[in-house]
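>>> this one's sequence-less:
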DNA sequence: ACCGGTATCAGCCAAAAGGTGGAGAGACCA
DNA sequence: TGGTCTCTCCACCTTTTGGCTGATACCGGT
């Protein structure tokens, strides 16, 4: 059996070290590189040609994980990428899958889960943590609750505490349009006020 | 030189594994136990009598880290505890220090920082990551910005998206009083709208 | 006994937000 | 071509929020 080469991308030294230790116990998996940022990840992928990239989404400054995934797959469309992150926000999951992620693991995943995901990824199988999968299914079941791109954009700005007027200025639309979008967002999120919408957005959609 | 015994408490297997690997490279530090929850931590501390406990604050279900620190120090007032967490929310920092934490590290800390914190802790020195320290200083410099207990209570409910009327009902006070408290909260947080207050509360104060 | 901080309440007014209903333009797909 | 989705905009009205000023009451420390 061929050994599977893996590149670790995470800005936390501790996490990289932990993954390396865990993956090192498996004879068929070898960590061939580490990166602490999206930029480093691209470079390392180019140098080491890993079979699988294990990537965190939130990485301090600079390029975020999603962007890195897109660029990785642009440069090598067959590159297998597994997201390995702390959060299971709806928005992140969708964006990661869109960007071409093969799997989506949470950091509290059991080691066996991680091994399985890595092995599956090289065979084109996608593996995701249970909470992640259930969120995806929930979205498929309730397509009415999916925000349109424009609505998502507005919601994101909303979480910064802007007024309707400011939202309009920022998006180059009238206040009337802002109110229309907001009404739709409230309905989809199942809330009645902007306050609740912000709370829901930050907590559930992971818009921080 | 005596070796320093350390107990790791974190619900993420990967993080425990990473800490173990990093600490293992230091001759004077030995990991004597691991725990994935507050409950396990108390048991393990009782069994192994570690010199230092490295503890995450957010631990899925059950007892949280703060509670665990309090109990640990109740049972052994000299127990050195270092918080090792992802976030640097003001509220968490204050609560952890109150509970008796000797240090406060963020998960993106460099390995050397972690080693120094462990060694310092056994000598009664407290070590904290730079962002954490700066937040503490900021609070000391601006005591005017500290919320009163009542205000904090109200802010916490605010993040659930309640209206002024509902806040009044929930706290058994008039709407007028709610408005007074809110005005004070806005001033202290440096915001002008409830939307911004909620965003600030959830992001900065860690009220999730 | 006085003072500062906290918590409670009131009234007034302007601004912001929310609810309702309607409508036109462009994209995309069957 | 017709239907659906999305984005845009408008008017009218009610409710909510925020800014301001001022007031009473309790507690704790000096």
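Here it is on my side, so go on. Keep in mind it's a predicted model, so treat the numbers as computed, not measured.
>>> please list the residues of chain A that sit near chain B.
When proximity is defined as C-beta under 8 Å from any C-beta of the partner chain, chain A approaches chain B at A:11-22, A:60, A:86, A:107-111, A:114, A:158-163, A:191, A:193-200, A:202-203, A:208. C-beta: built from backbone N, CA, C; applies to glycine.
>>> got a quick ChimeraX command for the buried subset of these?
Buried residues within those, by 16 or more other C-beta atoms under 10 Å in any protein chain shown, are selected in ChimeraX with:
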select /A:11,12,13,14,15,16,17,18,19,20,21,22,86,107,108,109,111,114,158,159,160,161,162,163,191,194,195,196,197,198,199,200,202
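>>> scan chain A for its longest helix.
helix A:175-189 (DSSP state H).
>>> give the buried residues for that one.
A:177-178, A:181-182, A:185-186, A:188-189.
>>> ok, and which of those reach DNA strand D?
A:177, A:181 (C-beta under 7 Å from any atom of the strand).
>>> list the contacts of residue A:163.
The contact partners of residue A:163, taken as C-beta atoms under 8 Å, 6 or more residues apart in numbering or on different chains, are B:193, B:195.
>>> which SSE is immediately downstream of the helix or strand bottoming out on mean pLDDT in chain A?
Between all helices and strands in chain A, the lowest mean by mean pLDDT, DSSP states H and E belongs to helix A:130-141, at a mean of 73. Beyond helix A:130-141 on the C-terminal side, the first helix or strand identified by DSSP states H and E is helix A:149-158.
>>> report pLDDT for the residue minimising distance to the centre of chain A.
For chain A, the residue nearest the mean C-alpha position is residue A:92 (3.8 Å; C-alpha atoms, centre = their mean). Residue A:92 carries a pLDDT value of 78.
>>> can you tell me how far it is from chain B?
16 Å (C-beta to the nearest C-beta, to the nearest Å).
>>> wondering if the helix or strand encompassing that residue reaches DNA strand D at all.
Assigned by DSSP H and E, residue A:92 belongs to helix A:90-99. No. Helix A:90-99 stays clear of DNA strand D (C-beta under 7 Å from any atom of the strand), getting no nearer than 13.5 Å.
>>> relative to helix A:149-158, how tilted is that helix?
Per axes from the mean of the first three to the mean of the last three C-alpha atoms, to 10 degrees, the angle that helix A:90-99 makes with helix A:149-158 is 130 degrees.
>>> now for helix A:90-99, which elements pack on it?
helix A:65-75, strand A:103-106, helix A:130-141 (3 or more C-beta pairs under 8 Å, 6 or more residues apart in numbering or on different chains; DSSP states H and E).
>>> from those, which stretch is densest packed?
Stretch with highest mean neighbour count among those: strand A:103-106 (a mean of 23; mean count of other C-beta atoms under 10 Å in any protein chain shown).
>>> who's in contact with the nearest residue to residue A:106 once chain neighbours are set aside?
Distances taken as C-beta to C-beta, 6 or more residues apart in numbering or on different chains put residue A:129 closest to residue A:106, at 4.6 Å, once the chain neighbours are dropped. By C-beta under 8 Å, 6+ apart, the contact list for residue A:129 reads A:88, A:104-106, A:109, A:113.
>>> just to revisit the earlier point, the helices and strands packed on helix A:90-99: which one's closest to residue B:34?
Nearest to residue B:34 among these is strand A:103-106 (19.2 Å), distances taken as C-beta to C-beta.
>>> in the helix or strand that that closest one is followed by, what's buried?
Moving toward the C-terminus from strand A:103-106, the next helix or strand (DSSP H and E) is helix A:111-122. The neighbour-count check on helix A:111-122 (16+ other C-beta under 10 Å) flags A:111, A:113-122 as buried.
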